[in-house]
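> this one's sequence-less:
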């Protein structure tokens, strides 16, 4: 353990479960890297990820944004191209853009597509899929509501999804955010994940919630109190 991490561990009790505001302050105090660390929530769920009816996934707009500049690209045609450009998309195009992507042009973080373009775009599954860039209706990136989608993504809309271990990892801001800003974002995530509980999930749903910065130690959070 590094000296910095050892010092951080002395500032809190590793096994103690903290109220969200206190956890946010501790995470900020211990985010001492030379860059603006990302603050994330890790939520361990009591679900069986092997069951199709126990998948947990959704999208939310963080009230204070994610602190990250997101490059949004849109595949569309006709009036939807103008709509995407007016909404602030960083790159917009139709089949010509799809051709560029096939040749390796992927200078974007999120790709949005209108449903009528998915037939052609789906041919790039082997390129976009492994990079997590293939638009998906479940994540709200296949839609005709281009303007709203682009604006939300640029403003800080994030996706959450339980991984193979049943854990949801979601960014809730930067260490430079105020504690209140981190708390508001984290509460939004916790409430959204709570609402996404599968009806077939039994027992304790949120088994643990941890708030952590990129280089800092994790602080356990009282999930029940955070939803109050």
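Received the coordinates, thanks. In this text the structure is predicted, and so the values were computed from the model without any measurement.
> and residue 109, backbone torsions?
The phi and psi values for residue 109, taken as degrees, to the nearest 10, are phi -100, psi -30.
> Could you do residue 58 as well?
Dihedral angles (degrees, to the nearest 10) for residue 58: phi 180, psi -180.
> just residue 32 next, same as before
The phi/psi pair for residue 32 (degrees, to the nearest 10) reads phi -120, psi 20.
> How confident is the prediction for it, by pLDDT?
At residue 32, the model reports a pLDDT of 87.
> Then the one 10 residues further on?
Per-residue pLDDT puts residue 42 at 97.
> give the contact list for it.
167, 168, 169, 209, 210, 212, 218 (Cβ atoms under 8 Å, 6 or more residues apart in numbering). The way it works is simple: take the backbone N, C-alpha and C, and place the C-beta from them, glycine included.
> what is it paired to in the beta sheet?
Beta-bridge pairing of residue 42 under DSSP bridges involves residue 169, residue 210.
> Same question for residue 160.
residue 58.
> in the longest helix seen in the chain, what's buried?
The longest helix of the chain (DSSP state H) is helix 179-195. Going by neighbour count (16 or more other Cβ atoms under 10 Å), the buried part of helix 179-195 is 179, 181-190, 192-193.
> just to revisit the earlier point, buried ones from the contacts of residue 42, can you make that a PyMOL selection?
In PyMOL, this line selects whichever of the contacts of residue 42 come out buried by 16+ other Cβ under 10 Å:
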select buried, resi 167+168+209+210+212+218
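> In terms of distance to residue 102, which of the contacts of residue 42 ranks first?
residue 169 (30.2 Å; Cβ to Cβ).
> That'll do, ta.
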